[in-house]
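In: Just need the structure, nothing else, for what follows:
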Amino acid sequence: MSSSQKENQNITSFGCTSNGKESFCYTLRNSNGVEIAIIDYGATIQSIKIPVSPTKKVDIVLGFDAVSGYEKSFSLSGVPFIGAVVGRYAGRIKNATFKVNDEVFQLNKNLDAHHLHGGKSNFSNNFWNVFSFSNNSITLEYISKDLEENYPGELTTQVTYSLSETDTLAIDYTAKTTKDTIINLTQHCYFNLDGHENGIETQKLQVASSEILETDEENVPTGKFSNIIDTSFDFLTFKNCPTKIDTSFVISDNSTSVATLKSATNKIQMKVFTNQPSVHIYVGGDCNTEVIGKNNVNYHPLSGICFETQNFPDAPNQSHFPNAILRKDETYHQKTSFKFEKI
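Out: Residues are numbered from 1 along each chain as shown. Predicted structure coming up:
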């Protein structure tokens, strides 16, 4: 990004990391007053501000006021991955190992015996290069070196955030690799339609799914599917948000929204669309008094809800799960959209 571009009013300094590298924040806007801020550290969504009256906007995602907050969050016992793009593989990989072309790869273990969300040095805690930027769109690129976290192949990933005049945030991911590898990208925003300083427990959730992935005691998929009709996981009709959940819902129809979140307080809803086979919903993690967010807000386990649209966790080790291998002559494409509407 040139110095002249950095003088743009939509581009501001976002502070420096502990090693002195400066981060920048890029704001997307539309004519309806929606503003979405993206930072180059982790290709992270830092804020989404939605007008709820002619004089008031509400910030509906968790985040920090400077890049130092994001950097420090990766030293917490339960890393929250707040607002970041997650990769090279989102979710758990059992025993941190997988095979490609009959070759075994041993990844770094960062969740007991397992590998989670790309490992220790991952897509979420590294800087991305800004490839292009306009008033309503930004494309960022990250090059994951061959054998970073022991993944094979140099993987070049681009993510484009686009804000439409219909108040839809579209996220397009593409990736190419120099060697056959595995990939599973997602976005780890914590949403709160009442505003990031509040709790989500009175907001209503609907999920268009009748099955979840069965998991073991360490929340690693067993390879089986569980029917959830008439269980506590049944969100086919609107219910209050769960106070604790860390579950992959199986999506069988991508032609319509896969999940919807509603706020009666602000009279807005968010619909989630994706081309992925799963939406992993997460609430009630390890956020505690160590996590002080934007505007000095003390985040807690009910501060936000994640909609991690993605392939199934541990798919590389489950032959009947959707393919997770990206061949060196192929292009990976993931698309997810969040549409904001008044109700």
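In: What residues sit buried inside stretch 22-35?
Out: Using 16 or more other CB atoms under 10 Å as the test for burial, stretch 22-35 gives 23, 24, 25, 26, 27, 28, 30, 34, 35. From N, CA and C alone the C-beta is placed, and that goes for glycine too.
In: before we move on, what about stretch 165-175?
Out: For stretch 165-175, the neighbour count (16+ other CB under 10 Å) marks 167, 168, 169, 170, 171, 172, 173, 174, 175 as buried.
In: ok, the residues you listed vs residue 121, which is closest?
Out: residue 175 (17.4 Å; CB to CB).
In: Please look at the closest one and residue 327 and confirm they touch.
Out: No. Residue 175 is not in contact with residue 327 according to CB atoms under 8 Å; the separation is 11.6 Å.
In: Can you tell me which of the buried residues of stretch 165-175 end up in strands?
Out: If you go by DSSP state E, those have 168, 169, 170, 171, 172, 173, 174, 175 in strands.
In: ok, now which ones touch the fifth one?
Out: Residue 172 sits next to 159, 160, 162, 333, 334, 335 when contact means CB atoms under 8 Å, 6 or more residues apart in numbering.
In: a strand runs through the second one, doesn't it?
Out: Put plainly, it is residue 160. Yes. Residue state for residue 160 (DSSP: H, G, I helix; E, B strand; the rest coil) corresponds to a strand.
In: Just give the number of residues close to it.
Out: 18 (other CB atoms under 10 Å).
In: same check, this time on the fourth one
Out: The local packing count at residue 333 equals 11, with neighbours defined by other CB under 10 Å.
In: Once you drop chain neighbours, what's closest to it?
Out: Nearest residue to residue 333 in three dimensions, chain neighbours excluded: residue 174, at 5.5 Å (CB to CB, 6 or more residues apart in numbering).
In: Look up how far residue 88 lies from that neighbour.
Out: 14 Å (CB to CB, to the nearest Å).
In: Regarding this structure, what is its longest helix?
Out: helix 67-73 (DSSP state H).
In: And for stretch 225-236, what's in contact with it?
Out: With CB under 8 Å, 6+ apart, stretch 225-236 has contacts from 205-214, 242, 245, 247, 249-250, 259.
In: Apply 7 Å and report the result again.
Out: 205, 206, 207, 210, 211, 212, 213, 214, 247, 250 (CB atoms under 7 Å, 6 or more residues apart in numbering).
In: export those to a markdown table and tack on distance to residue 51, secondary structure and neighbour count?
Out: Putting these into a markdown table (distance: CB to CB, whole Å; DSSP: H, G, I helix; E, B strand; the rest coil; neighbours: other CB atoms under 10 Å) gives the following:
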| residue | distance to residue 51 | secondary structure | neighbour count |
| --- | --- | --- | --- |
| 205 | 23 | strand | 20 |
| 206 | 24 | strand | 18 |
| 207 | 27 | strand | 26 |
| 210 | 36 | coil | 16 |
| 211 | 37 | strand | 18 |
| 212 | 35 | strand | 23 |
| 213 | 37 | strand | 25 |
| 214 | 42 | strand | 12 |
| 247 | 32 | strand | 21 |
| 250 | 35 | strand | 16 |
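In: where does residue 286 land on pLDDT?
Out: For residue 286, the pLDDT comes out at 66.
In: Residue 291 too?
Out: 87.
In: State the distance from the closest residue to it other than its chain neighbours to residue 162.
Out: Counting by CB to CB, 6+ apart, residue 291 lies nearest to residue 299, which is 4.3 Å off, once chain neighbours are set aside. The gap separating residue 299 from residue 162 is 28 Å, by CB to CB.
In: Those two: who's more crowded?
Out: residue 299 (25 against 17).
In: Number of residues surrounding the residue lying closest to residue 63 once chain neighbours are set aside?
Out: Nearest-residue entry for residue 63: residue 46, 4.6 Å, with adjacent residues in sequence omitted and distances by CB to CB, 6+ apart. Applying other CB under 10 Å, we find 29 other residues in the vicinity of residue 46.
In: Quick check: residue 46 touching residue 36?
Out: No. Between residue 46 and residue 36 there is no contact under CB atoms under 7 Å: 8.7 Å.
In: For residue 310, state which of the ones in strands among the buried residues of stretch 165-175 is nearest.
Out: Nearest to residue 310 among these: residue 173, at 10.3 Å, using CB to CB.
In: ok, and the closest non-adjacent residue to that closest one?
Out: Nearest one to residue 173, counting by CB to CB, 6+ apart, is residue 334 at 4.2 Å.
In: Okay, and that neighbour sits in which element?
Out: Residue 334 belongs to strand 332-342 when assigned by DSSP states H and E.
In: Need the contact partners of that strand.
Out: Contacts for strand 332-342 (CB under 7 Å, 6+ apart): 50, 167-175, 183, 185, 187, 267-276, 309, 326.
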